[in-house]
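A.B. asks: Sequence first, predicted model second:
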Amino acid sequence: MNISIIILDFILILFSLFLSTFLRFEFSIPPNFISQKILFFVIYSILMVSTFSAFGEYEEKWEYSSLKEYTKTILTFLSVNIFLGLFFYFSEGFFIPRTIFLISIPFSILFIISIRILYRGLKEYSTKEDKTTKSVIVCREKNLVTIYNNLQNHNIVAIFFEERVPKGRLFKGIPIYYDISYLKNIPANEIFVDKEVSQDLYLKIIDNKPPGSIIRKIEFLPSLFIENFRVEDVINREKRLINIEVDPEKIYLITGAGGSIGKYITKELINSGAKYLKLLDYSEENLHNLMLELIPFEKLHKEFILFDIKDPLLSRFIKDVDVIFHCAANKHVPIVEENRYIAYKTNIIGLINTIENLKSRSREFVFISTDKAVNPTNFMGLTKRIGEMITLSYKDEYLKTIVVRFGNVFGTSGSLIPSVIKQINMYNKVFLTHREVKRFFMMPDEAAKLIISSLSIESGKIAVLDMGEQIKIQEIIDKIVKILTPMKKIEVEIIGLKKGEKMEEELFFEFEKITEKKDYIFIVEPNIETKKEEILSFIEKIETEIKNLKNINPQNIDEYLVENLKNLVLQVKKI
């Protein structure tokens, strides 16, 4: 409700009555007339303002007003005064002289409309250089009220309906459009898109959105859920220009292709001209979603393989392959900590099964690792470190084996930004382990390009991606909250470090040596002695012992795995 307009209306209506009084008596007002009538003047003014309020006049956004709103105001004023005129007529001027009442009507209309036009003009002038966030809603008409009520803290400047609407229609003073091509003319920073709109309209939004604006999809759960977040809004990092080249005649296999990193590698390979892709994943849903995303690429030779990397028959299902990107893994630390045996089977046994069954001196094998593999304090990091050792031990079995190590990637499943947005929407608060926790972060397309670029380095090396400086997670959360809910206080609840979680991550062991930096890749000499037979023998012994464990239960297996896998890492000789 616009309080300033309410006060101005009251003052202007009251002023109109006084001006009419002066004109009625030709500026010679009878003694005590004003003191006798002032109460009735005030009551009339309050009555008119209350009527405007009841008709929603003060809910309108007058900075976007048009002839339609002004006409509505005039008609509302005249309609009420018709009834009041009859009342004053039969009261024979007891309350307000009839001539004063009649003279005041055109003055009141003139002043009320003038102040609205002036208000709009001042708003337009003051916002010419306004850099505050302006938002647009694109939705089905039936969902508008719910969406608007949940976005009242945002500066909504326009609304687009999927359904055709009459020209000039407004909602609370906000113009409503149908032609989505007009979207590019609106200086909006963010576009909230109803998930119920058609795919055709969504594609038109992408084509017509103002430069630099963000598209955020919204859907109806128990509360309104907003997704899609532009990473550039919360980190100050220039976009890296990374050029990659691939051999279009080679056949590329991506395990875990339906996962976040696997999907980005797939897309970057396609963008770089790869013609032949084999896409393997154990999740039917992930593989199906990837299949849908790749429908437009009709000329691409693609094979979707639903398969478990632990299955020993892998080599029978995958024949012709030149390059293998091994992304398949269990990698969410809290989940892995609660399910160590399954993570061990996937991250270690699955890797051994893949790298052993597909070994060939004509093939290249790239293992996707993590910064958590450096001095690991959690089980996921421990399995990834052993994965690095296994990959390096196969150096003589492949044309090339490479380990790629990097930190967190923005926008992947379960990563920071989607998690924070979901917590804000679901709980109206954000959970943080510690205010000083820092992490390395990278854009997903950059990570995918650098992973592909790592094929150019020497076999048996570790490619550590240049992640820049570690970023404090508290700072990222504060920026997300400021952008998403600028007028609302969101609590950050400190829940303490999780099991196996570090305050800061590391990218290098002390004994490793950086031999070269190529673009955004540190080429690292592992400086460890990895003997394939010894590592496989150790793992085989673990497998045998697990089968023979007495009193088998998950806790016994977990404790046995942690103890023995740590010993395997510690036993590796440094060079």
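C.D. replies: Perfect, thanks for sending it. Residues are numbered from 1 along each chain as shown.
A.B. asks: how much space between D320 and E249?
C.D. replies: Going from D320 to E249 by C-beta to C-beta, to the nearest Å gives 12 Å. Using the backbone N, CA and C atoms, a C-beta is placed for each residue, glycine as well.
A.B. asks: what do you get for N81?
C.D. replies: 84 Å.
A.B. asks: More neighbours: which of these two?
C.D. replies: Neighbours per residue, other C-beta atoms under 10 Å: of N81 and E249, the larger number sits with N81, 21 against 10.
A.B. asks: As a check, name the ranges of all helices in the stretch 101-250 of the chain.
C.D. replies: Taking DSSP state H, counting those that start in this stretch as the test, the helices found in the stretch 101-250 of the chain are 144-150, 199-208.
A.B. asks: can you redo those as TSV with mean pLDDT and mean neighbour count?
C.D. replies: Listed next are these as TSV, based on pLDDT from 0 to 100; neighbours: other C-beta atoms under 10 Å:
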stretch	mean pLDDT	mean neighbour count
helix 144-150	86	15
helix 199-208	83	14
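A.B. asks: where does the stretch 201-350 of the chain have low pLDDT?
C.D. replies: Filtered on pLDDT under 70, the stretch 201-350 of the chain yields the residue ranges 220-239.
A.B. asks: Please enumerate the strands of it.
C.D. replies: Counting by DSSP state E, counting those that start in this stretch, one finds strands in the stretch 201-350 of the chain at the ranges 214-220, 224-226, 251-255, 276-281, 301-306, 323-326.
A.B. asks: neighbouring strands for the fifth one, and are they parallel or not?
C.D. replies: Strands flanking strand 301-306 in the sheet, each with its direction: strand 276-281 (parallel) (DSSP bridges).
A.B. asks: And N143, what's its pLDDT?
C.D. replies: N143 carries a pLDDT value of 88.
A.B. asks: ok, how many other residues are close to it?
C.D. replies: 20.
A.B. asks: helices and strands of this protein: which one has the lowest mean pLDDT?
C.D. replies: In the chain, no helix or strand scores lower on mean pLDDT, DSSP states H and E than strand 224-226, which sits at a mean of 58.
A.B. asks: follow-up on the earlier one: can the helices of the stretch 101-250 of the chain go into JSON lines with extra columns for distance to M389?
C.D. replies: Listed next are the helices of the stretch 101-250 of the chain as JSON lines, based on distance: least, C-beta to C-beta, whole Å:
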{"stretch": "helix 144-150", "distance to M389": "51"}
{"stretch": "helix 199-208", "distance to M389": "45"}
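A.B. asks: wait, which of those is closest to D396?
C.D. replies: D396 lies closest, by C-beta to C-beta, to one member of the helices of the stretch 101-250 of the chain: helix 199-208, at 48.8 Å.
A.B. asks: now for that closest one, which elements pack on it?
C.D. replies: strand 190-194 (3 or more C-beta pairs under 8 Å, 6 or more residues apart in numbering; DSSP states H and E).
A.B. asks: Could you report the neighbour count for T51?
C.D. replies: T51 has 16 neighbouring residues, counting by other C-beta under 10 Å.
A.B. asks: Same check on F367?
C.D. replies: Should you count by other C-beta under 10 Å, F367 turns out to have 25 residues around it.
A.B. asks: That one - that's part of a strand, no?
C.D. replies: Yes. Counting by DSSP: H, G, I helix; E, B strand; the rest coil, one finds F367 located in a strand.
A.B. asks: Who does it form a beta bridge with?
C.D. replies: For F367, the beta-bridge partners are H326, V403 (DSSP bridges).
A.B. asks: For I542, see how far away it is.
C.D. replies: 20 Å.
A.B. asks: I421 too?
C.D. replies: Counting by C-beta to C-beta, the gap from I421 to I542 is 41 Å.
A.B. asks: so who does I348 touch?
C.D. replies: T383, I386, G387, I390, I539, L565 (C-beta atoms under 8 Å, 6 or more residues apart in numbering).
A.B. asks: Mind doing that once more with 7 Å?
C.D. replies: T383, I386, G387, I539 (C-beta atoms under 7 Å, 6 or more residues apart in numbering).
A.B. asks: what do you get for S213?
C.D. replies: A188, N189, E190, I191.
A.B. asks: Switch the residues you listed over to a markdown table; also include distance to L12, pLDDT and neighbour count.
C.D. replies: Output for these, formatted as a markdown table (distance: C-beta to C-beta, whole Å; pLDDT from 0 to 100; neighbours: other C-beta atoms under 10 Å):
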| residue | distance to L12 | pLDDT | neighbour count |
| --- | --- | --- | --- |
| A188 | 34 | 86 | 23 |
| N189 | 36 | 84 | 19 |
| E190 | 37 | 86 | 23 |
| I191 | 38 | 90 | 24 |
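A.B. asks: Closest one of those residues to M503?
C.D. replies: Comparing the contacts of S213 against M503 with C-beta to C-beta picks out E190 as the nearest, at 33.8 Å.
A.B. asks: Quick check: bridge partners of that closest one?
C.D. replies: Using DSSP bridges, the bridge partners assigned to E190 are S135, I214.
A.B. asks: check contacts around it.
C.D. replies: T133, S135, S213, I214, R216.
A.B. asks: and the third one, how far is that from P175?
C.D. replies: Remark: distance between S213 and P175 (C-beta to C-beta) = 17 Å.
A.B. asks: before we move on, what about the fourth one?
C.D. replies: I214 sits at a distance of 21 Å from P175 (criterion: C-beta to C-beta).
A.B. asks: likewise the second one?
C.D. replies: For S135, the distance to P175 equals 13 Å [C-beta to C-beta].
A.B. asks: For E563, report the pLDDT, please.
C.D. replies: In this model, E563 carries a pLDDT of 93.
A.B. asks: Okay, now the unreliable bits of the stretch 1-150 of the chain?
C.D. replies: Residues of the stretch 1-150 of the chain meeting the criterion pLDDT under 70: 1-2, 58-66, 68, 85-96, 123-132.
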